[in-house]
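[1] Give me a 3D structure for the following:
(chains A and B)
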Amino acid sequence: MGNEPMTDDLDDGMSRRRLLGRCAGWAGAGALYTMTGGVASSISLDAALAAPKRAGGARPFTFLQISDTHIGFDKAANPNARGTAIEAVEKIKALADKPDLIIHTGDITHLSTDAQFDDAAQILSGLGAPVFYVPGEHDFLDEGQGKAFLARYGKGAHGTGWYSFDHDGVHFVALNNVANLKPGGMAHLGEEQLAWLKSDLAGQASSTPIVVFGHIPLWTVYEAWGWGTDDSAQALALLRRFGSVTVLNGHIHQVIQKVEGNVSFHSARSTAYPQPAPGAAPSPGPLKVPAEQLPSMLGIRTARFVRGGEPIALIDQAFA
Amino acid sequence: MRLKFSILRRAALVAALTVPAVAFTTAKIEAATPAKVQAVAIKGFAFTPQVVTVAPGTTVTWTNVDEDPHTVTANDKSFHSAALDTDDKFTFTFTKPGEYAYFCSLHPHMTGKIVVKAG
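    Next up, the predicted model:
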């Protein structure tokens, strides 16, 4: 597969069959997902990234997802998680298509210490676009159960840190499913947050594209490892009437996606270390891989909305 | 546990018969409060042993050997650790008989139980 500008083809309404045919030889570092017709398919990342910005027409609106930076992690799976977070920031700054905004889907720090939050803030301050955060469980493990996170990122948020905002016709909803977790359960939203979500979505037209982001997957990826959200069905019921819902999360340090009606779910790579595929190891702990393999398992994600067109594209970019 | 206790009692009795008063006192204290400890490993996102039965007064020590942090949090919040990083420990002494269910508040699918039972 060459370095042809695949994104232009997508914008022109390339058929899925043709797209898949052209992707037959790809087995590389990342993938661009399109949800045309509700079916995810992938094409080369390198080609998509190499695409020149289109001349004329509406500028596609893009935003970026970064996740699980785990600032402070220094174990065998990646002794330099700080360095790879910096590498992610450099890659984002080098993107030809500048994101309008960035979402961080949690586990900013490894242990919620002030020093780690300070370091993360300093590293991420160079991104050149506003960053919207949700906490991971690693950001909520201080004695104050999120006090450190909320002091930095909770201004204007509700409850334990949920909020919404609009950008260019897209409604973004930031959820916290790592607070007040129940014994034996998985991630949890709670009644207060669900009630807020209901009232927040009530004012939105069904045609408004919705992006929901939170740390732990809102669909059950693997219950035995707690990779899901106990009360997500109630949130998804509220989202069902919308024509386009994209749910972005982190936590599991790997790209996994699922499409359910008009809702597409996508988990992202970490910038710090990989985790095993669901059930592929005795536990979900950090996955140690040969050093040369690590960059292919870390990454960032770009999301692109093409105005007036159907495809919503996610580009998952691995470090190598 | 009972066997060890009776051996200590016998040692105390022997001590009482054979050593001066000061040493006797020391031996008596030892016999009345034998060291009751129990270790629980936090390993592979699980508490091992998951259910453990101990005598009242037992001090349980949890040690996290995972690369991920975990907590030890009673379901009823009657005791809880801070976040335990790799090799961090948490100890708690159980004085009253009863069943103490706990979990990891970061990974709530991780659950365990301490059963405190006399005799």
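
[2] So which bits of the stretch 201-320 of chain A are right by chain B?
    When proximity is defined as CB under 8 Å from any CB of the partner chain, the stretch 201-320 of chain A approaches chain B at A:223, A:224, A:225, A:226, A:282, A:283, A:284, A:285, A:286. C-beta here means a position set from N, CA and C on the backbone, and glycine is covered the same way.

[3] What score does residue 24 have for pLDDT?
    Went with chain A since none was named. If you check residue A:24, the pLDDT there is 28.

[4] should've been chain B
    pLDDT, the model's per-residue confidence, is 45 for residue B:24.

[5] What pLDDT is listed against residue 71?
    Using chain A here. 98.

[6] should've been chain B
    Residue-level confidence at residue B:71 comes out at 97, pLDDT.

[7] quick one: it from residue A:233, how far?
    When distances are taken as CB to CB, to the nearest Å, residue B:71 and residue A:233 turn out to be 27 Å apart.

[8] Compare those two (neighbour count), which wins?
    Neighbours were tallied for residue B:71 and for residue A:233 using other CB atoms under 10 Å in any protein chain shown; the higher tally belongs to residue B:71 (23 against 11).

[9] Run through the residues that contact that one.
    Applying CB atoms under 8 Å, 6 or more residues apart in numbering or on different chains, one finds that residue B:71 lies in contact with A:141, B:80, B:81, B:82, B:83, B:84, B:104, B:105, B:106.

[10] For those, give me a markdown table that also has pLDDT, neighbour count and distance to residue A:316.
    Formatted as a markdown table, the entries for these read as follows, by pLDDT from 0 to 100; neighbours: other CB atoms under 10 Å in any protein chain shown; distance: CB to CB, whole Å:
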| residue | pLDDT | neighbour count | distance to residue A:316 |
| --- | --- | --- | --- |
| A:141 | 95 | 28 | 28 |
| B:80 | 96 | 14 | 38 |
| B:81 | 97 | 21 | 37 |
| B:82 | 95 | 14 | 35 |
| B:83 | 96 | 23 | 30 |
| B:84 | 97 | 23 | 33 |
| B:104 | 97 | 29 | 30 |
| B:105 | 95 | 25 | 31 |
| B:106 | 95 | 22 | 26 |
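
[11] what's the closest of the residues you listed to residue A:198?
    Comparing the contacts of residue B:71 against residue A:198 with CB to CB picks out residue B:105 as the nearest, at 26.9 Å.

[12] I figured the closest one hits residue A:179, correct?
    No - using CB atoms under 8 Å as the test, residue B:105 is too far from residue A:179 to be in contact (9.8 Å).

[13] Among the residues of the stretch 201-320 of chain A next to chain B, which one has the most neighbours?
    The most crowded member of those is residue A:226, carrying 27 neighbours; neighbours defined as other CB under 10 Å.

[14] Just the pLDDT for that one.
    Turning to residue A:226, the model gives it a pLDDT of 96.

[15] Distance of it relative to residue A:274?
    Here the distance between residue A:226 and residue A:274 works out to 18 Å (CB to CB).

[16] same deal with residue B:76?
    In this view, residue B:76 and residue A:274 are 37 Å apart by CB to CB.

[17] Likewise for residue A:179?
    Noted for residue A:179: a distance of 26 Å to residue A:274, by CB to CB.

[18] Residue A:153 too?
    Distance of residue A:153 to residue A:274, given as CB to CB: 26 Å.

[19] residues in the stretch 1-150 of chain A within reach of chain B, list them.
    By CB under 8 Å from any CB, the part of the stretch 1-150 of chain A that sits against chain B consists of A:75, A:76, A:77, A:110, A:111, A:112, A:137, A:138, A:141, A:142, A:143.

[20] In CSV: these, plus secondary structure.
    Formatted as CSV, the residues of the stretch 1-150 of chain A next to chain B follow (DSSP: H, G, I helix; E, B strand; the rest coil):
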residue, secondary structure
A:75, coil
A:76, coil
A:77, coil
A:110, coil
A:111, coil
A:112, coil
A:137, helix
A:138, helix
A:141, coil
A:142, coil
A:143, coil
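
[21] Next, give me the two most distant ones among the residues you listed.
    Within these, A:76 and A:143 form the most distant pair, 27.8 Å apart (CB to CB).

[22] ok, now which ones touch residue B:69?
    Per CB under 8 Å, 6+ apart, neighbours of residue B:69: A:110, A:111, A:138, A:141, B:83, B:84, B:85, B:86, B:106.

[23] what helix or strand is residue A:193 on?
    For residue A:193, the element it lies in under DSSP states H and E is helix A:191-202.

[24] Now, of the residues of the stretch 1-150 of chain A next to chain B, which are buried?
    Among these, those buried by neighbour count (16 or more other CB atoms under 10 Å in any protein chain shown) are A:75, A:77, A:110, A:111, A:112, A:137, A:138, A:141, A:142.

[25] And for stretch A:227-238, what's in contact with it?
    Judged by CB under 8 Å, 6+ apart, the contacts made with stretch A:227-238 from elsewhere in the structure are A:175, A:177, A:182, A:185-190, A:194, A:197-198, A:201, A:212, A:214, A:216-222, A:251-252, A:260, A:263, A:278, A:284.

[26] same thing but 7 Å
    Contacts made with stretch A:227-238 from outside it, assessed by CB atoms under 7 Å, 6 or more residues apart in numbering or on different chains, are listed as A:177, A:185-189, A:194, A:197-198, A:201, A:216-221, A:252, A:263, A:278.

[27] what does stretch B:105-114 give?
    By CB under 7 Å, 6+ apart, the list of residues contacting stretch B:105-114 reads A:137, A:141, A:181-186, A:225-226, B:40, B:45-47, B:50-52, B:54, B:60, B:69-71, B:73, B:94, B:99-104.

[28] Put the buried members of the residues you listed into a ChimeraX selection.
    Selection of the buried residues among the contacts of stretch B:105-114 in ChimeraX, burial being defined by 16+ other CB under 10 Å:
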select /A:137,141,181,183,185,186,225,226 /B:40,45,46,47,52,54,60,69,70,71,73,94,100,102,103,104
